[in-house]
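Engineer: A predicted structure for the sequence below; I have some questions about it.
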Amino acid sequence: NAGVTQTPKFQVLKTGQSMTLQCAQDMNHEYMSWYRQDPGMGLRLIHYSVGAGITDQGEVPNGYNVSRSTTEDFPLRLLSAAPSQTSVYFCASRSGDQPQHFGDGTRLSIL
Amino acid sequence: GQSLEQPSEVTAVEGAIVQINCTYQTSGFYGLSWYQQHDGGAPTFLSYNALDGLEETGRFSSFLSRSDSYGYLLLQELQMKDSASYFCAVRPPQRDSGAGSYQLTFGKGTKLSVIP
């Protein structure tokens, strides 16, 4: 039972590079979200999805794109990385009012 | 928009009891959740109050008062392993949330340090 799996765990990018953070869940959860966590800022919602084919913006969406082609996968794309996007990124999923499950996080540094 | 307020840091002695408060700046919300996060780790679910009152799970209890938009997490018989950050989270009413009512909004977290 893998739960929520994020890859990679660590990544260093140069300013202007693009990359995709992967997230997969095997619990058939309809809701999936991406958060970023910065010191003293808590967890801030970037984008979320309420089901396959449906996505919407959260609190801090600028600079990020998402897609949800399947129930299982919810990748987060950085189109042109900026130092301000240095952060720890968490993917999460849940079903209805059940508890939210988080992946182990991706620690991203933009130089 | 909505916001949740928690103390940024709390220090308590091993074996003692500590209460971490959370207030929400809106007239209503769908239940209050608590998550624990150890340094370098992922947040993990602790408890959920859908209704007013006290929920108990072992050494941890959580309380909610909807009329006061207030809740707290109570940790008893503190252990060194309880040193972590604790986040309250709510699912706000749709009219208050630019992100819709489906997703959780988290407080900034309370860093609990348990000392011998």
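Structural biologist: That came through, no problem.
Engineer: where do the strands of the chain begin and end?
Structural biologist: Here I'm looking at chain A. Taking DSSP state E, the strands of chain A run over residues A:4-7, A:10-13, A:19-25, A:31-38, A:42-51, A:54-57, A:64-66, A:76-78, A:87-94, A:101-102, A:106-110.
Engineer: that was the other one, I meant chain B.
Structural biologist: Under DSSP E, chain B gives strands at B:4-5, B:9-13, B:18-24, B:30-37, B:44-49, B:53-57, B:60-65, B:70-75, B:84-91, B:105-106, B:110-115.
Engineer: the ones you listed into CSV, with extra columns for distance to residue A:38, mean pLDDT and mean neighbour count?
Structural biologist: (C-beta placed from N, C-alpha, C; glycine too.) CSV is the format used below for the strands of chain B (distance: least, CB to CB, whole Å; pLDDT from 0 to 100; neighbours: other CB atoms under 10 Å in any protein chain shown):
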stretch, distance to residue A:38, mean pLDDT, mean neighbour count
strand B:4-5, 17, 90, 19
strand B:9-13, 17, 97, 14
strand B:18-24, 20, 94, 19
strand B:30-37, 14, 91, 21
strand B:44-49, 20, 94, 18
strand B:53-57, 30, 93, 12
strand B:60-65, 26, 94, 19
strand B:70-75, 23, 95, 21
strand B:84-91, 13, 92, 24
strand B:105-106, 12, 88, 24
strand B:110-115, 14, 97, 17
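Engineer: between the strands of chain A, which gets nearest to residue B:63?
Structural biologist: Each of these has some distance to residue B:63 by CB to CB; the shortest is strand A:42-51, at 20.9 Å.
Engineer: sorry, back to before: okay, the strands of chain A in CSV with mean pLDDT and mean neighbour count next?
Structural biologist: As requested, those are exported to CSV (pLDDT from 0 to 100; neighbours: other CB atoms under 10 Å in any protein chain shown):
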stretch, mean pLDDT, mean neighbour count
strand A:4-7, 97, 18
strand A:10-13, 96, 14
strand A:19-25, 97, 19
strand A:31-38, 95, 23
strand A:42-51, 93, 21
strand A:54-57, 93, 15
strand A:64-66, 97, 19
strand A:76-78, 97, 18
strand A:87-94, 96, 23
strand A:101-102, 96, 22
strand A:106-110, 97, 18
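Engineer: what residues does chain B have near chain A?
Structural biologist: B:8, B:30-31, B:33, B:35, B:41-45, B:48, B:50, B:87, B:89, B:91, B:98-100, B:102-109 (CB under 8 Å from any CB of the partner chain).
Engineer: run the last query once more with 10 Å
Structural biologist: Proximity of chain B to chain A (CB under 10 Å from any CB of the partner chain) is limited to residues B:1, B:4, B:6, B:8, B:30-31, B:33, B:35, B:37, B:40-48, B:50, B:85, B:87-89, B:91, B:97-100, B:102-109, B:111.
Engineer: picking that back up, need the strands of chain A in CSV (columns: distance to chain B).
Structural biologist: Shown next, in CSV, are these (distance: least, CB to the nearest CB, whole Å):
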stretch, distance to chain B
strand A:4-7, 8
strand A:10-13, 12
strand A:19-25, 12
strand A:31-38, 6
strand A:42-51, 4
strand A:54-57, 6
strand A:64-66, 13
strand A:76-78, 15
strand A:87-94, 6
strand A:101-102, 4
strand A:106-110, 9
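Engineer: adding distance to residue B:15, write those strands out as CSV.
Structural biologist: As requested, the strands of chain A are exported to CSV (distance: least, CB to CB, whole Å):
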stretch, distance to residue B:15
strand A:4-7, 35
strand A:10-13, 37
strand A:19-25, 38
strand A:31-38, 31
strand A:42-51, 29
strand A:54-57, 46
strand A:64-66, 45
strand A:76-78, 43
strand A:87-94, 32
strand A:101-102, 30
strand A:106-110, 34
